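Colleague: Please work out how this folds:
(chains A, B, C and D)
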2 protein chains.
Amino acid sequence: MDVDLRKLRYFVAVAERLHFGRAAEALHIAQPVLSRQIRALEEELKAQLFVRTKRATELTPAGEQLLADARPLLASAEALRRRVARAARGTDAFIVGFMPGLIVTPAVRALRERHPGLTVEVVRTTWDDQVEVVRDGRVDIGYVRLPVDQRGLRIRPLLTEPRVAVLPADHRLAGKDVIDIADLADERLLQDPDAVPEWRDIATELRRPGGRRPEPIFHAVEEKLEHVAAGHGVVVLPLSVVSFYTRPDVTYVPIADIPPNQVCLAWDSTRRSPLIAEFATIAADLQGDTAPSPEP
Amino acid sequence: MDVDLRKLRYFVAVAERLHFGRAAEALHIAQPVLSRQIRALEEELKAQLFVRTKRATELTPAGEQLLADARPLLASAEALRRRVARAARGTDAFIVGFMPGLIVTPAVRALRERHPGLTVEVVRTTWDDQVEVVRDGRVDIGYVRLPVDQRGLRIRPLLTEPRVAVLPADHRLAGKDVIDIADLADERLLQDPDAVPEWRDIATELRRPGGRRPEPIFHAVEEKLEHVAAGHGVVVLPLSVVSFYTRPDVTYVPIADIPPNQVCLAWDSTRRSPLIAEFATIAADLQGDTAPSPEP
DNA sequence: GCCTGCAATACCCTCGAGGTATCAGGGAGC
DNA sequence: GCTCCCTGATACCTCGAGGGTATTGCAGGC
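Modeller: Numbers count the residues shown, from 1 in each chain, chains lettered A, B, ... in the order given. Model (predicted):
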């Protein structure tokens, strides 16, 4: 009657590897068990999920569909566990996620004042997990910087801020008033190229035949700045992040021809919590005081 | 390790009734089994879900949280089944939900032309199930009229249209050029008051002490019009719905002081499908041709 | 032609979900 | 105050499903 989340987890493991033996190993179960469970799942859904030719395992269209749906379902189940555990601990806490450079204190304080008994916590995130913490229930609402994968989330724009190139203090471009993104074409980017699509389009490093994304990608801002200072490459970051982490051996230059970074609030779209709505309103109002942004 | 959807379903049954015996009956299982399963769920989640005083069963805060999370999770699981079944049938169909009065043909035709092999189907919905069909996977994208429960959905505004009062042809207000919502205060509304919050605020019927919502609520537009014609009451509907169902014994009058109805596209926020995105763009562009609407 | 790699099959064991019968405790009624 | 009844919990049984090991079947590669 109900689908079995364990079987879905097994399915995802196989679908990701397209190999029963290795999937079984990763799941810490025996391979025949996995074969049987997948077959049971196929019968339960009345749908063939894999085409098993000898020497190769591939997904059917139904399998593709299931893979696309199973992952968010498993993530939701995990989020459910986490939220129930939090509610059971009795501490009726409201948790806000934020990335360095964003000013969350006024909104958090306003929420605390309106709900004296409520514990409001903040959790620091990175560009990589800023939406994951929302999806898996670690935070109730998060400040995120676009672009993000919006699946499963409700998004509310808050503000925009310019992005700057972060350079070693002795870099050839350091001290310029402003540069173009093209000026960075020959640089090594120490961050996920997806975070700077405009650079991706012009980077010589990625345009070489067989050119792959640079291996060393550093997640925390502090690590990025450390490596910039060491001369290993450059990063492109929103202005507030850089100004938050001022240090003498690193400087920054505005980039003229790339759009600003959009900062939004994001929360689990399946939830409807008065506290989430209230916090979103407070944060938007506070933002509106300084720089009014259009409401959709 | 994974939560068990069957146990969650059992939990929801108990939480909705706050009665183990009746929940067991509804689930077609024996009551001791249900007691044991709920206890197992509590141990698994390490959270007490119910306070069982003799003579009464109540939800704990953790139970409230679980109830809020379990329902959408179960709905997602059901949607997953449906979509996989559809994908397995091989018919790679794209299904659009719409309510009467909305013009979907141009967008549907445009999608068909761009994907000659694709089957594009339309499914008629009502105000009551317009978002349910999206959540449970019966349609890939739906035209919906606000207000809707946006949980689990991504919403994209398309257009607005004025709402009119639908009256019997011999009604005292029939023939007026325009009325105020207050003119309907003494009328009987043959629809969910939530659909017309402005009426809800002024209706004498609902302001009487102990006044409840009127019992006979008719879901299909045809039924509503039939009962309006019979003189049982009035309804407030978007203009396009009424003009779609013209009949001589029913007339309508614009209402001056209520905001127009917002028509949106809605789809499952956990999904990211190229076809959904393409259809949304097509529909928005087609709408933009006639009456440009702001893009968020 | 043999070896190797990979999934499926055969067969066993354990545990957990379902059932029935019964108990325990608190309210309501007399 | 005693009894009855309502409601959930306990006790105990059965059976099916999930997990394990051993082995087979089949297709490529050397």
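Colleague: Let me see the domain layout of chain A.
Modeller: A:5-73, A:92-159+A:261-286, A:163-254 (automatic domain parsing).
Colleague: Quick one: list the elements packing against the helix or strand A:V253 falls within.
Modeller: Here A:V253, judged by DSSP states H and E, is contained in strand A:250-254. Judged by 3 or more C-beta pairs under 8 Å, 6 or more residues apart in numbering or on different chains; DSSP states H and E, strand A:250-254 is in contact with strand A:163-168, helix A:221-229, helix A:239-244. Yep, even glycine has a C-beta here, placed from its N, CA and C like the rest.
Colleague: Recalculate using a threshold of 6 Å.
Modeller: Contacts defined by 3 or more C-beta pairs under 6 Å, 6 or more residues apart in numbering or on different chains; DSSP states H and E place strand A:250-254 against strand A:163-168, helix A:221-229.
Colleague: The residue of the stretch 101-250 of chain A found nearest chain B: what's its closest spatial neighbour, skipping adjacent residues?
Modeller: Closest to chain B within the stretch 101-250 of chain A is A:G152: 4.7 Å, counting by C-beta to the nearest C-beta. Excluding its sequence neighbours, the residue lying closest to A:G152 (C-beta to C-beta, 6 or more residues apart in numbering or on different chains) is B:T270, at 4.7 Å.
Colleague: just A:V108 next, same as before
Modeller: A:V120 (5.3 Å).
Colleague: burial measure for A:G152, as a count.
Modeller: Neighbourhood size, A:G152 [other C-beta atoms under 10 Å in any protein chain shown]: 24.
Colleague: hmm, I was thinking of A:E278
Modeller: A:E278, neighbours per other C-beta under 10 Å, totals 15.
Colleague: same deal with A:Q31?
Modeller: 15.
Colleague: Each with direction, which strands does the strand holding A:V253 pair with?
Modeller: Sheet partners assigned to strand A:250-254 using DSSP bridges are listed as strand A:163-168 (antiparallel).
Colleague: Can you tell me what sits against whatever helix or strand comes next after the partner strand?
Modeller: Downstream of strand A:163-168, the next assigned helix or strand under DSSP H and E is helix A:197-202. Helix A:197-202 is touched from outside by A:I181, A:A182, A:L184, A:A185, A:L189, A:P193, A:I258, with contacts defined as C-beta atoms under 6 Å, 6 or more residues apart in numbering or on different chains.
Colleague: about what we covered before: is the residue nearest to A:V108 within a helix or a strand, and which one?
Modeller: Judged by DSSP H and E, A:V120 forms part of strand A:119-124.
Colleague: ok, residues contacting the following helix or strand past that strand?
Modeller: Counting by DSSP H and E, the next helix or strand C-terminal to strand A:119-124 is helix A:132-135. With C-beta under 6 Å, 6+ apart as the test, helix A:132-135 has contacts from A:A75, A:G97, A:T125, A:V139, A:G142, A:G152, A:A266.
Colleague: same question, stretch A:83-95
Modeller: Contacts to stretch A:83-95, defined as C-beta under 6 Å, 6+ apart, come from residues A:118-121, A:123, A:137, A:139-140, A:275, B:45, B:47, B:61-62, B:65-66, B:69.
Colleague: Counting neighbours, which bits of it end up buried?
Modeller: A:R83, A:V84, A:R86, A:A87, A:A88, A:F94, A:I95 (16 or more other C-beta atoms under 10 Å in any protein chain shown).
Colleague: do you know how far the third one is from A:R200?
Modeller: Yep, that's A:R86 we're talking about. With distances taken as C-beta to C-beta, to the nearest Å, A:R86 is found 38 Å from A:R200.
Colleague: count of neighbours near A:D177?
Modeller: Residues contacting A:D177 under the criterion other C-beta under 10 Å number 7.
Colleague: again with A:T126
Modeller: A:T126: 15 surrounding residues under other C-beta under 10 Å.
Colleague: Just say helix, strand or coil for A:V51.
Modeller: Here A:V51 is strand, with the state taken from DSSP: H, G, I helix; E, B strand; the rest coil.
Colleague: wouldn't it be in contact with A:E58 here?
Modeller: Yes. Taking C-beta atoms under 6 Å as the definition, A:V51 is a contact partner of A:E58 at 5.0 Å.
Colleague: where do the helices sit along the stretch 1-150 of chain A?
Modeller: Secondary structure of the stretch 1-150 of chain A by DSSP state H, counting those that start in this stretch: the helices cover A:5-17, A:20-27, A:31-45, A:61-88, A:105-114, A:132-135.
Colleague: B:D249: which of the ones you listed is closest?
Modeller: helix A:61-88 (47.8 Å; C-beta to C-beta).
Colleague: between that closest one and helix A:31-45, how many degrees?
Modeller: With axes from the mean of the first three to the mean of the last three C-alpha atoms, to 10 degrees as the basis, helix A:61-88 and helix A:31-45 are set at 100 degrees to each other.
Colleague: Going by neighbour count, list what's buried in helix A:61-88.
Modeller: Using 16+ other C-beta under 10 Å as the test for burial, helix A:61-88 gives A:61-63, A:65-81, A:83-84, A:86-88.
Colleague: Repeat that for stretch A:6-20.
Modeller: Neighbour-count burial for stretch A:6-20, counted by 16+ other C-beta under 10 Å, picks out A:K7, A:L8, A:R9, A:Y10, A:F11, A:V12, A:A13, A:V14, A:A15, A:F20.
Colleague: which two in those residues are spaced the farthest apart?
Modeller: A:L8 and A:F20 (16.0 Å).
Colleague: low pLDDT regions in the stretch 1-150 of chain A?
Modeller: Scanning the stretch 1-150 of chain A for pLDDT under 70 picks out the ranges A:54-55.
Colleague: Quick one: name the residues of chain A near DNA strand D.
Modeller: Contacts of chain A with DNA strand D, taken as C-beta under 7 Å from any atom of the strand, map to A:4, A:6-7, A:28-30, A:32-33, A:36-37, A:40, A:53-55.
Colleague: what's the burial count for A:G142?
Modeller: A:G142: 28 neighbours (other C-beta under 10 Å).
Colleague: so what's it closest to, chain neighbours aside?
Modeller: Distance criterion C-beta to C-beta, 6+ apart; nearest residue to A:G142, sequence neighbours excluded, is A:G97 at 3.4 Å.
Colleague: Which members of the contacts of helix A:132-135 are positioned in strands?
Modeller: Counted as lying in strands by DSSP state E, out of the contacts of helix A:132-135, are A:G97, A:G142, A:A266.
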